[in-house]
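Engineer: coordinates for the following, if possible.
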Amino acid sequence: MPLKLAPLNLATVVNEACGNQHYSAIEKDIVIATAIVERAWITADYDQLIQVFQNLLSNAIKFSPRDSVIRVNLSETDRGFRVDIIDQGPGISAEFAGQIFERFAQPDTSTGRTYGGTGLGLHLSRSIIVKLGGRLAYRNEETGCRFYVELPGTGDNVTP
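Structural biologist: Have a look, this model is predicted:
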């Protein structure tokens with residue numbers, strides 16, 4: 001899909017994505033805790049960007065245990081902004097690490113899989129972020145996994 005670029009506040013997108021995933025989190029007694037800068041102006045496609053953050057949050061909820069916390073941090077960097085989504089799930093196995101962003105990639109391909117999904121979410125999310133001039137990556141934490149998105153800012157961090 002072609003991008004419909006426009007100035008937007010990344011904080012608004014991240015807050016809305018968190019709100020949209022609120023009920024899914026509540027069903028598992030998961031708290032989404034946010035630390036978000038108020039002004040994070042970027043040029044992006046709103047619809048595609050919200051899809052990215054909803055996918056990342058949905059995955060974090062899916063793989064997190066009941067009664068856990070997912071932290072969402074939006075911070076300014078020297079080149080723009082970074083969004084970290086940190087869960088308390090099992091992390092990414094070494095066997096799956098090399099294919100996590102590939103199409104139809106699933107950590108468990110058995111017919112009795114614990115988690116649903118098509119295996120396209122991370123592939124599409126990374127494609128969108130790359131088209132926006134950014135980066136989507138992850139790293140395992142001591143407990144859980146951190147997915148992070150880095151996007152270029154508009155340069156002055158005020159309403160364009």
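Engineer: could you pull up the mean pLDDT of the longest helix seen in the chain?
Structural biologist: Longest among the helix segments of the chain by residue count, using DSSP state H, is helix 46-63. The average pLDDT for helix 46-63 rounds to 96.
Engineer: right, and the helix or strand after it?
Structural biologist: Proceeding C-terminally, helix 46-63 gives way to strand 69-76 as the next helix or strand, assigned by DSSP states H and E.
Engineer: for the longest helix of the chain, buried residues please.
Structural biologist: Neighbour counts using 16 or more other Cβ atoms under 10 Å place 48-61, 63 of helix 46-63 among the buried residues. (C-beta placed from N, C-alpha, C; glycine too.)
Engineer: which of those sits closest to Val31?
Structural biologist: Ile61 (10.8 Å; Cβ to Cβ).
Engineer: that older thread, quick check: angle from the longest helix of the chain to strand 69-76?
Structural biologist: Using axes from the mean of the first three to the mean of the last three Cα atoms, to 10 degrees, the interaxial angle of helix 46-63 with respect to strand 69-76 works out to 150 degrees.
Engineer: can you list the neighbours in contact with helix 46-63?
Structural biologist: Counting contacts by Cβ atoms under 8 Å, 6 or more residues apart in numbering, the residues outside helix 46-63 that touch it are 1, 3-4, 6, 8, 10, 13-14, 16-18, 20-21, 24-25, 28, 30, 32, 70, 72, 83, 85-87, 89-90, 115-117, 121-122, 124-125, 128-129, 132, 136, 145, 147, 149.
Engineer: the same query, at a cut-off of 6 Å, please.
Structural biologist: Contacts to helix 46-63, defined as Cβ atoms under 6 Å, 6 or more residues apart in numbering, come from residues 8, 13-14, 17, 20-21, 24-25, 30, 70, 85, 87, 89, 115, 121, 125, 128, 147.
Engineer: can you tell me which of the residues you listed are buried?
Structural biologist: Restricting the contacts of helix 46-63 to buried positions leaves 8, 13-14, 17, 21, 24-25, 30, 70, 85, 87, 89, 121, 125, 128, 147, with burial counted as 16+ other Cβ under 10 Å.
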